[in-house]
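Participant: any chance you can model this:
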Amino acid sequence: MKLHELHDNPGATKKRMRVGRGPGSGKGKMGGRGIKGQKSRSGVAIKGYEGGQMPLYQRLPKRGFNKPNRKQYAVINLGLIQKFVDAGKLGSEITENELIDCGVVRRKLDGIRVLAKGEITSAVKLTVTGASKSAIEAVEKAGGTLTVATAAE
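Facilitator: Numbers count the residues shown, from 1 in each chain. Predicted structure coming up:
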């Protein structure tokens with residue numbers, strides 16, 4: 001197959017209706033907008049308006065609380081760390097900066113938090129901002145250590 005032989009399925013694309021192009025087009029004169037009024041003009045957005053009735057989005061109760069200064073961690077699973085160790089991209093001593101450099105996580109955010117999804121078999125020395133209890137247990141079971149540093153390095 002060559003590039004010039006490629007084509008879309010029949011009926012997959014449809015030509016755009018050109019509005020306001022004479023009475024013979026079927027969408028001429030007013031272009032399907034009717035006569036006068038707010039909706040016939042351009043630059044009108046009245047989708048959330050319910051004719052003066054209190055709109056639905058205002059009738060529903062507000063729920064919860066969004067903490068403005070909450071910490072947001074980059075999350076990483078033990079299985080992924082093991083994959084990178086097997087590939088030779090990570091050594092036995094792993095810090096947050098090494099995790100970023102080898103591409104396990106893209107950016108640190110407020111720190112890196114390790115979760116216990118997947119298995120870890122190699123004995124590694126991990127130093128991160130946060131970790132779940134089960135992740136700490138899994139690393140220690142494999143013969144390694146997982147240190148939770150309070151201050152981000």
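
Participant: what pLDDT does the residue nearest the centre of the chain get?
Facilitator: With distances taken as CA atoms, centre = their mean, the chain has A74 as the residue nearest its mean C-alpha position (12.6 Å). Predicted confidence (pLDDT) for A74: 94.

Participant: what of A149?
Facilitator: 85.

Participant: next, count neighbours for it.
Facilitator: 13 (other CB atoms under 10 Å). The C-beta positions use only the backbone N, C-alpha and C, and glycine is treated the same way.

Participant: could you do R113 as well?
Facilitator: Neighbours around R113, by other CB under 10 Å: 19.

Participant: so how far is Q82 from it?
Facilitator: Separation of R113 from Q82 (CB to CB, to the nearest Å) stands at 17 Å.

Participant: secondary structure class for the residue nearest to the centre of the chain?
Facilitator: strand (DSSP: H, G, I helix; E, B strand; the rest coil).

Participant: what residues are bridge-paired with it?
Facilitator: I112 (DSSP bridges).

Participant: list the contacts of it.
Facilitator: Residues near A74 by CB atoms under 8 Å, 6 or more residues apart in numbering: 105-109, 111-113.

Participant: can you do 7 Å?
Facilitator: Neighbouring residues of A74 by CB atoms under 7 Å, 6 or more residues apart in numbering: 105, 107-109, 112.

Participant: kind regards, and thank you for your time.
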